[in-house]
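S.K.: Let's see this in three dimensions:
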Amino acid sequence: MVVEPLGPMFRRVLVANRGEVAIRIMRACRELGIRTVAVYSEADAHAPHIAHADAAVCIGPPPSRESYLDAQRILAAARQTGADAIHPGYGFLAESPDFAAAVRDASLTFVGPPAEAIAAMGDKPAARRRVAAAGVPVAPAAEDPPRDPAGLGAAARKIGYPVLIKAAAGGGGKGMRVVRSEAELGREFAAAAREALAAFGDDRLFLERYLERPRHVEVQILADTHGNAIHLGERECSIQRRHQKIVEETPSPAVDETLRERMTRAALAAAHSVGYENAGTVEFLLTPDKQFYFLEMNTRLQVEHPITELVTGVDIVQAQLRIAAGEPLWLRQEDIRPRGHAIECRIYAEDPANQFLPSADKILFLQEPQGPGIRVDSGIAPGFNVPLYYDPLLAKLSVWGENREQARRRLIEALREYVVLGCTTNIPFLIDLLEHPAFARGQTHTQFIEEHMPAWKPANRHRLVAGLAAALDVATAPAQPPAEASRRAAPSPWRTLGRWRLGE
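M.R.: All right, here's what the predicted structure looks like:
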């Protein structure tokens with residue numbers, strides 16, 4: 001049973017984010033009859049997300065801490081524009097309990113979970129204890145290990161090597177180290193503490209059993225303010241670089257109906273353990289023998305939400321807005337009937353052949369793929385200068401197919417049609433990854449890239465794309481006198497692109 005929205009639930013929503021997620025939220029708001037406010041830093045003065053909003057406010061200089069991470073500037077922009085709700089997107093302040101509480105204290109609605117739930121899941125050791133009490137499997141760990149060498153070594157031996165050092169106050173790979181012997185434990189623990197302090201202002205660490213070659217599987221949930229909750233199935237996010245996802249799919253090739261029932265039941269139990277409300281994602285590590293363990297809960301919208309939308313037909317961003325406005329869940333669990341298979345690739349301005357280092361520059365030309373089952377969530381446009389100050393995510397390419405193989409082939413073809421000139425992107429790397437026989441067989445795990453593509457370099461057919469920038473510059477230059485034009489003659493960029501697509 002699907003119930004239509006009651007009507008415009010907010011008059012104006014400020015989107016406290018940038019790029020493709022800001023545009024995604026604004027589109028959802030427009031469909032619900034809600035006006036939107038964009039915020040932007042000086043580095044984003046010409047960013048595409050501004051044009052999608054009804055109003056826009058500059059909130060400071062380029063550095064995040066002086067703009068997108070400055071809660072008071074964002075609240076001031078909300079007051080200035082008459083916004084009655086704030087959607088944080090993901091990243092920046094999305095999982096800050098202090099920001100969620102400040103929004104509430106300013107008599108505005110935070111489009112997300114209560115500050116208390118964010119805080120409960122943000123403290124990783126405390127979250128482990130809480131979900132374990134609710135019956136959710138957790139890996140062996142030392143949640144408050146001694147700092148002295150003897151005590152630390154004893155705690156690690158009790159867990160069993162290899163162990164994983166993790167930051168208590170955050171994720172994203174910050175403050176994370178794999179330790180395979182006691183000889184390296186003290187050194188790596190000290191390094192992880194320094195990194196955690198720099199990233200989160202908190203140097204607390206804990207030890208956890210390191211699982212070799214697990215899959216990263218997460219469950220999307222929706223919970224209203226009336227005690228109702230449902231799940232929207234699982235996503236597999238095992239393809240990662242630097243502990244950050246780059247390819248996601250749903251359903252997971254490794255999850256059958258019996259395992260899905262167990263994992264989704266555990267995810268809902270984890271959400272109920274903190275009185276969760278709104279959209280959230282419970283993440284698990286799945287071992288080759290089908291055992292799963294709680295990893296963390298992301299108390300926000302996920303980057304990879306489009307693939308769940310493609311297979312379920314549920315607009316997760318609109319669901320967030322409706323739940324934040326106090327509507328009871330209009331969907332029952334039996335209403336969720338996933339169909340087909342969907343895969344998403346994250347398009348980054350980065351160089352996979354050079355340790356995935358960011359590549360920020362001006363977008364000279366952009367051609368996004370189109371066709372049946374193809375969805376592009378983009379935050380760029382021709383002429384936009386990609387800033388160095390923020391995450392280099394440019395866009396997300398998601399495809400749907402009747403089955404996994406159709407989706408995989410469709411995604412490869414869509415990536416071949418995706419052209420971004422002006423900065424280096426990971427598109428050639430993604431094509432080779434999706435064509436890898438192990439990926440085609442669904443044999444994915446969190447060390448996939450290190451195992452199968454450790455020294456990747458672009459093939460010749462990919463290098464041709466880099467030459468398109470120069471060809472395009474010539475082809476679009478102002479008219480020159482005949483003699484000058486003959487000296488500047490260059491092949492058509494479109495002909496070059498055609499040869500590249502044919503593999504010539």
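
S.K.: pLDDT weak spots in the stretch 401-504 of the chain?
M.R.: Residues of the stretch 401-504 of the chain meeting the criterion pLDDT under 70: 460-504.

S.K.: what about the strands in it?
M.R.: In the stretch 401-504 of the chain, the segments counted as strands under DSSP state E, counting those that start in this stretch are 419-421.

S.K.: Repeat that for the stretch 151-300 of the chain.
M.R.: 163-167, 177-179, 205-209, 215-223, 229-241, 244-250, 278-286, 292-298.

S.K.: Make JSON lines from the ones you listed and add distance to A53 and mean neighbour count to it.
M.R.: C-beta coordinates here come from the backbone N, C-alpha and C atoms, glycine included. Formatted as JSON lines, the strands of the stretch 151-300 of the chain follow (distance: least, C-beta to C-beta, whole Å; neighbours: other C-beta atoms under 10 Å):
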{"stretch": "strand 163-167", "distance to A53": "35", "mean neighbour count": "24"}
{"stretch": "strand 177-179", "distance to A53": "41", "mean neighbour count": "19"}
{"stretch": "strand 205-209", "distance to A53": "41", "mean neighbour count": "22"}
{"stretch": "strand 215-223", "distance to A53": "26", "mean neighbour count": "25"}
{"stretch": "strand 229-241", "distance to A53": "28", "mean neighbour count": "23"}
{"stretch": "strand 244-250", "distance to A53": "28", "mean neighbour count": "24"}
{"stretch": "strand 278-286", "distance to A53": "22", "mean neighbour count": "24"}
{"stretch": "strand 292-298", "distance to A53": "25", "mean neighbour count": "23"}
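
S.K.: Relative to L388, which of those strands is closest?
M.R.: Nearest to L388 among the strands of the stretch 151-300 of the chain is strand 244-250 (17.5 Å), distances taken as C-beta to C-beta.

S.K.: So for that closest one, mean pLDDT?
M.R.: Averaging pLDDT along strand 244-250 yields 97.

S.K.: quick revisit: in CSV, list the strands of the stretch 151-300 of the chain along with distance to R18.
M.R.: Listed next are the strands of the stretch 151-300 of the chain as CSV, based on distance: least, C-beta to C-beta, whole Å:
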stretch, distance to R18
strand 163-167, 25
strand 177-179, 31
strand 205-209, 31
strand 215-223, 23
strand 229-241, 22
strand 244-250, 18
strand 278-286, 20
strand 292-298, 19
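
S.K.: Tell me which of those approaches Q447 most closely.
M.R.: Taking these one by one with C-beta to C-beta, strand 229-241 is closest: 8.7 Å.

S.K.: Which elements pack onto the closest one?
M.R.: Judged by 3 or more C-beta pairs under 8 Å, 6 or more residues apart in numbering; DSSP states H and E, strand 229-241 is in contact with strand 215-223, strand 244-250, helix 257-273, helix 305-312, helix 448-452.

S.K.: who wins for proximity to E413 among those?
M.R.: strand 244-250 (15.7 Å).

S.K.: so that closest one versus strand 215-223, what angle?
M.R.: 70 degrees (axes from the mean of the first three to the mean of the last three C-alpha atoms, to 10 degrees).

S.K.: Just the residues contacting strand 244-250, thanks.
M.R.: 172-173, 216, 233-237, 239-240, 303-304, 307-308, 311, 338, 341-346, 348, 404, 407, 426, 430, 433-434 (C-beta atoms under 8 Å, 6 or more residues apart in numbering).

S.K.: What of stretch 280-287?
M.R.: 113, 139, 211, 214-221, 223, 237, 252, 254-255, 263, 266-267, 270-271, 292-300, 302, 446.

S.K.: Swap in 6 Å and give it another go.
M.R.: 211, 214-215, 217-221, 267, 270, 292-293, 295-299, 302 (C-beta atoms under 6 Å, 6 or more residues apart in numbering).

S.K.: Just say helix, strand or coil for the most centrally placed residue in the chain.
M.R.: With distances taken as C-alpha atoms, centre = their mean, the residue of the chain nearest its centroid is V303 (3.0 Å). Secondary structure assignment for V303 (DSSP: H, G, I helix; E, B strand; the rest coil): coil.

S.K.: all strands for the stretch 1-150 of the chain, in order.
M.R.: Going by DSSP E, counting those that start in this stretch, the stretch 1-150 of the chain shows strands at 12-15, 35-40, 55-58, 85-87, 109-110, 141-142.

S.K.: Quick check: end-to-end length of stretch 109-126?
M.R.: 27 Å (C-alpha to C-alpha, to the nearest Å).

S.K.: Mind listing residues that contact it?
M.R.: So stretch 109-126 is contacted by 85, 87, 95, 97, 100-101, 103-104, 127, 143, 168, 206, 274, 276-278, 297, 299, 320, 324 (C-beta under 6 Å, 6+ apart).

S.K.: Weed out the non-buried ones from those residues.
M.R.: Among the contacts of stretch 109-126, those buried by neighbour count (16 or more other C-beta atoms under 10 Å) are 85, 87, 95, 97, 100-101, 103, 127, 143, 168, 206, 274, 276-278, 297, 299, 320, 324.

S.K.: that older thread, give me phi/psi at the nearest residue to the residue nearest to the centre of the chain once chain neighbours are set aside?
M.R.: With sequence-adjacent residues excluded and distances taken as C-beta to C-beta, 6 or more residues apart in numbering, V303 is closest to Y90, at 6.0 Å. Taking degrees, to the nearest 10, you get phi -140, psi 160 for the backbone angles of Y90.

S.K.: Hmm, Y90 is touching L301, no?
M.R.: Yes - assessed by C-beta atoms under 6 Å, Y90 is found in contact with L301 at 5.3 Å.

S.K.: Count the residues that sit near V131.
M.R.: Neighbour count of V131, defined by other C-beta atoms under 10 Å: 26.

S.K.: The nearest residue to it once chain neighbours are set aside: neighbouring residues, count only.
M.R.: Computed as C-beta to C-beta, 6+ apart, the closest residue to V131 that is not its neighbour in sequence is A270, at 4.4 Å. Applying other C-beta under 10 Å, we find 27 residues neighbouring A270.

S.K.: got a pLDDT number for A270?
M.R.: 98.

S.K.: what's it in contact with, if anything?
M.R.: Per C-beta under 6 Å, 6+ apart, neighbours of A270: 131, 136, 282.

S.K.: Apply 7 Å and report the result again.
M.R.: Shown in contact with A270 (C-beta atoms under 7 Å, 6 or more residues apart in numbering): 131, 134, 136, 282, 294, 297.

S.K.: so can I have a markdown table of those showing distance to E66?
M.R.: Shown next, in a markdown table, are the contacts of A270 (distance: C-beta to C-beta, whole Å):
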| residue | distance to E66 |
| --- | --- |
| V131 | 36 |
| A134 | 40 |
| V136 | 39 |
| V282 | 34 |
| F294 | 36 |
| M297 | 30 |
